[in-house]
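[1] what follows is a predicted structure for the sequence shown.
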Amino acid sequence: MAEFPGASVNSIILDKYERTKNAAAEKCLDIGVFCQAVSQEAKFTEAYENKYRVRELPMLETHPVNTALVKDCPGNLAYYQLARESFEKSDLDDQTANEGIWYRDSQLYETKQINEFTAEVSNYTDESSTNFIKWTDDKDDQLEIEVTIKIPKRIPGFYTILSKLVDIWGQPVLEFNWNFHYTSGDRARDLKIQAKVQHDKFQRMSGGKIAAIWGRTLQNAARRKGLSDLSIYFDQNAESPSDKRAESRGEI
């Protein structure tokens, strides 16, 4: 399991027992895919050797004294994938924290949803291609997928990315969930930036564009299938399930 000093896990506790760090890690490994992280409770203001709890999902948030453990299973998409090193920007301050960086899909910062990002993925054509699928061998059984996405602000902390590739009907084809840490390299500076700069309550980047793409693609598919009476309409003012969840939390 990978250790994340200065982090706590905010997800379901799987049993009533408090354990040492090593015992909790062993129990989490025994449970299997239903346990993916271990940490002490966020309410603690000092570190304890024997108060680690097994957790369902690795939803990481910054904590002054805790250390979180997350299962590290590279390539196994049943588990969240982990960035090997923190993304570090040594000259990060509360001004540059408002600039964008690029990544992909439904995004959580310190366990709270901040953004949904959507991009069209097309076939690879040449080296200038972006957001593409590329077959990498003659048998067409191996492929490379590259997507550039955007996170609204460069605020230090823990980010969770919940990514999916979907077909034209919105059905998931591939799911890829992972975590990374963004930092200035100095914990005191990180905390100062966090106090000054906040993510906007909720955003959805490129949602209107992808709705138009899906609408056009669905109409083309309907024509090929002879479904002449199929009518497709996207209400740009309608609330999505994500909007409703954010509104219920008072974030819209």
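    Now that the structure is in, tell me what you want to look at.
[2] for this protein, where's the lowest mean pLDDT among helices and strands?
    helix 207-224 (a mean of 59; mean pLDDT, DSSP states H and E).
[3] mind listing the strands for this structure?
    For the chain, applying DSSP state E gives strands covering 2-9, 37-39, 53-55, 60-70, 81-82, 87-88, 106-109, 112-117, 122-123, 132-135, 143-146, 157-166, 172-183, 203-205.
[4] mind putting the ones you listed into a markdown table with mean neighbour count, mean pLDDT and distance to residue 25?
    Backbone N, C-alpha and C define where each C-beta goes, glycine included. As requested, these are arranged in a markdown table below (neighbours: other C-beta atoms under 10 Å; pLDDT from 0 to 100; distance: least, C-beta to C-beta, whole Å):
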| stretch | mean neighbour count | mean pLDDT | distance to residue 25 |
| --- | --- | --- | --- |
| strand 2-9 | 20 | 92 | 10 |
| strand 37-39 | 29 | 95 | 6 |
| strand 53-55 | 24 | 95 | 9 |
| strand 60-70 | 21 | 93 | 5 |
| strand 81-82 | 18 | 86 | 15 |
| strand 87-88 | 14 | 76 | 25 |
| strand 106-109 | 20 | 84 | 24 |
| strand 112-117 | 21 | 81 | 26 |
| strand 122-123 | 10 | 70 | 42 |
| strand 132-135 | 14 | 74 | 37 |
| strand 143-146 | 12 | 76 | 32 |
| strand 157-166 | 19 | 84 | 19 |
| strand 172-183 | 16 | 82 | 17 |
| strand 203-205 | 17 | 61 | 36 |
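[5] output these in a markdown table; the columns should cover distance to residue 16.
    As requested, these are exported to a markdown table (distance: least, C-beta to C-beta, whole Å):
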| stretch | distance to residue 16 |
| --- | --- |
| strand 2-9 | 17 |
| strand 37-39 | 15 |
| strand 53-55 | 9 |
| strand 60-70 | 19 |
| strand 81-82 | 28 |
| strand 87-88 | 36 |
| strand 106-109 | 27 |
| strand 112-117 | 27 |
| strand 122-123 | 50 |
| strand 132-135 | 46 |
| strand 143-146 | 42 |
| strand 157-166 | 26 |
| strand 172-183 | 26 |
| strand 203-205 | 38 |
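[6] those strands: which one's closest to residue 196?
    The closest of those to residue 196 is strand 157-166. By C-beta to C-beta, the value is 13.1 Å.
[7] and that closest one with strand 112-117, angle?
    Per axes from the mean of the first three to the mean of the last three C-alpha atoms, to 10 degrees, the angle that strand 157-166 makes with strand 112-117 is 40 degrees.
[8] any idea how far strand 157-166 is from the chain center?
    Computed by C-alpha atoms, centre = their mean, to the nearest Å, the chain-centroid distance of strand 157-166 equals 2 Å.
[9] partners of it, with directions?
    Taking DSSP bridges as the criterion, strand 157-166 forms sheet pairs with strand 106-109 (antiparallel), strand 172-183 (antiparallel).
[10] give me the distance from the longest one to the chain's centre.
    Right, strand 172-183. Distance, centroid of strand 172-183 to centroid of chain: 4 Å (C-alpha atoms, centre = their mean).
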